[in-house]
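Undergrad: predicted structure and sequence below. I'll ask about it afterward.
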Amino acid sequence: MSSVSPTVARPSAGPGDGALLQTRRLSVSFPTAVGPVAVVDEVDVTIRTGRTLGLIGESGSGKTMLANALIGLLPDAAVVGGEILFRGEDLAAVPAARRRAVRGREISMVFQDPLSALNPTQRIWKQISEIPRRDGASRADARRLALDRLAEAGVPEPAQRLDVFPHQLSGGLRQRVMIALALAGEPELLLADEPTTALDVTVQARILALLKRLQEERHMSMLLVSHDLRVVSHVAHDLVVMYAGRVCEAGPASTVIGRPAHPYTRALTRSIPSVHQKKALPSPLPGAPASPYARPSGCAFNPRCPIAQDICREVVPPVREVAPDRTVACHFAEEVLG
Ligand SMILES: Nc1ncnc2c1ncn2[C@@H]1O[C@H](COP(=O)(O)OP(=O)(O)OP(=O)(O)O)[C@@H](O)[C@H]1O
Ligand SMILES: [Mg+2]
């Protein structure tokens with residue numbers, strides 16, 4: 001994949017772009033012997049109509065739990081708090097049947113591992129056309145629709161793929177089938193959780209380009225989850241950075257990457273290789289990511305932060321607005337901004 005310098009201009013959303021989905025103080029907690037632990041902790045995110053929100057953070061920061069909460073696919077033990085406003089309807093409060101009705105139609109998801117998400121025993125045309133067939137489409141119409149979706153997802157020779165099983169396809173093709181399936185219900189919002197992590201680098205770039213094209217052509221909204229800022233920087237209009245279950249920073253992708261306001265984001269941007277470097281720089285961030293199960297007091301990032309002061313070890317930094325459309329949770333954001 002080609003790399004970008006942090007200053008590359010990216011599309012930015014105009015002021016008129018409204019929210020399609022908005023979380024308010026969303027939390028996902030698990031019971032433990034010492035009480036509930038929030039792995040997503042009072043998170044506010046906004047996914048705008050026809051725009052892509054990139055969600056980044058290290059392993060364990062709560063990205064998957066957040067995405068799964070939006071589509072109602074959390075483990076049974078998880079307890080959800082706060083609101084998930086989708087076109088004004090709070091999906092955190094509706095009956096499970098309503099959440100199931102939304103899933104696959106209004107909101108759908110592309111998973112990291114298509115092999116575990118696809119049915120191994122069913123031919124792919126049947127999987128792709130499940131929703132239209134449930135809606136009464138004839139077999140011929142359903143096959144035609146599956147063919148269209150495969151073609152749209154860039155599957156070469158789609159007519160020859162209709163009757164194969166997932167294991168007969170390469171990893172990249174399987175991910176294209178997963179995308180075709182996710183699009184079958186004509187969703188307004190596509191959630192993509194690390195959709196390219198399992199693929200090799202050239203295939204990754206093609207799948208990302210496909211997602212970007214589909215988002216634009218269909219004027220869909222998209223949530224692109226990744227631990228890799230490079231991946232997100234090519235595709236996202238807006239960005240949310242999470243650390244140990246909380247938001248560090250959010251705003252338009254180009255300004256967050258070009259001028260980070262949180263030391264964690266700044267460290268992530270420094271690990272993006274320049275155009276002349278083939279490999280990513282070694283992470284400038286020493287230390288291990290904080291777990292929500294052993295969250296440091298004050299700012300969870302303080303043990304790894306180069307500018308931490310006493311207040312950072314004692315007081316949780318509130319999420320605050322540092323510029324129009326830009327929020328950050330750092331006591332020293334103004335210093336980071338310079
Ligand atoms: N079923 C579960 N029960 C309890 N805790 C869980 C469960 N699943 C995940 N967690 C915890 O929730 C936290 C967030 O996990 P999550 O999978 O959302 O992280 P992530 O940001 O997606 O990480 P990765 O980049 O590795 O995919 C982690 O501390 C994880 O250990
Ligand atoms: Mg994950």
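TA: That came through, no problem. Ligands and ions are numbered 1, 2, ... in the order given.

Undergrad: drop to CA atoms for contacts and neighbour counts, all remaining ones
TA: Will do.

Undergrad: so Leu26, which state does it fall into?
TA: Of the three states, Leu26 takes strand under DSSP: H, G, I helix; E, B strand; the rest coil.

Undergrad: that one against Val79, yeah?
TA: No. With contacts counted by C-alpha atoms under 8 Å, Leu26 stays clear of Val79, the gap being 10.5 Å.

Undergrad: wait, is Leu223 part of a strand?
TA: Yes. The assignment for Leu223, made by three-state DSSP, places it in a strand.

Undergrad: got a list of what the closest residue to Arg87 other than its chain neighbours touches?
TA: Spatially, and ignoring its direct neighbours in sequence, Arg87 is nearest to Leu20 (5.4 Å; C-alpha to C-alpha, 6 or more residues apart in numbering). Contacts for Leu20 (C-alpha atoms under 8 Å, 6 or more residues apart in numbering) come out as 46-49, 86-87, 221.

Undergrad: secondary structure element for Ala159?
TA: helix 158-161 (DSSP states H and E).

Undergrad: can you list contacts of stretch 68-81?
TA: Stretch 68-81 is contacted from outside by 25-31, 65, 84, 91-92, 99-100, 102-103, 107-109, using C-alpha under 8 Å, 6+ apart.

Undergrad: next, the buried residues of that stretch.
TA: 68-72, 74, 78-81 (16 or more other C-alpha atoms under 10 Å).

Undergrad: just how off-centre is it within its chain?
TA: Between the centre of stretch 68-81 and the centre of its chain there are 15 Å (C-alpha atoms, centre = their mean, to the nearest Å).

Undergrad: restricted to helices, list the buried residues of stretch 68-81.
TA: Counting by DSSP state H, the members of these that fall within helices are 68-71.

Undergrad: nearest to ligand 1, of the residues you listed?
TA: Nearest to ligand 1 among those is Asn68, at 8.3 Å by C-alpha to the nearest ligand atom.

Undergrad: touching, Ala142 and Pro132? I think so.
TA: Yes. If you go by C-alpha under 8 Å, Ala142 and Pro132 touch, sitting 6.5 Å apart.

Undergrad: output the below-cut-off pLDDT ranges for this structure.
TA: 1-17, 272-284 (pLDDT under 70).

Undergrad: how's it carved up into domains?
TA: Structural domains assigned to the chain are 19-106+187-337, 124-185, following automatic domain parsing.

Undergrad: which residues of the protein lie near ligand 1?
TA: The chain comes close to ligand 1 at residues 30, 39, 58-65, 75, 227, 291-292, as judged by C-alpha under 6 Å from any ligand atom.

Undergrad: I'd like those residues as a markdown table, with distance to Leu239 and secondary structure appended.
TA: Listed next are these as a markdown table, based on distance: C-alpha to C-alpha, whole Å; DSSP: H, G, I helix; E, B strand; the rest coil:
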| residue | distance to Leu239 | secondary structure |
| --- | --- | --- |
| Phe30 | 26 | strand |
| Val39 | 20 | strand |
| Glu58 | 14 | coil |
| Ser59 | 17 | coil |
| Gly60 | 18 | coil |
| Ser61 | 15 | coil |
| Gly62 | 15 | coil |
| Lys63 | 13 | helix |
| Thr64 | 16 | helix |
| Met65 | 17 | helix |
| Pro75 | 26 | coil |
| His227 | 12 | coil |
| Ser291 | 22 | coil |
| Pro292 | 21 | helix |
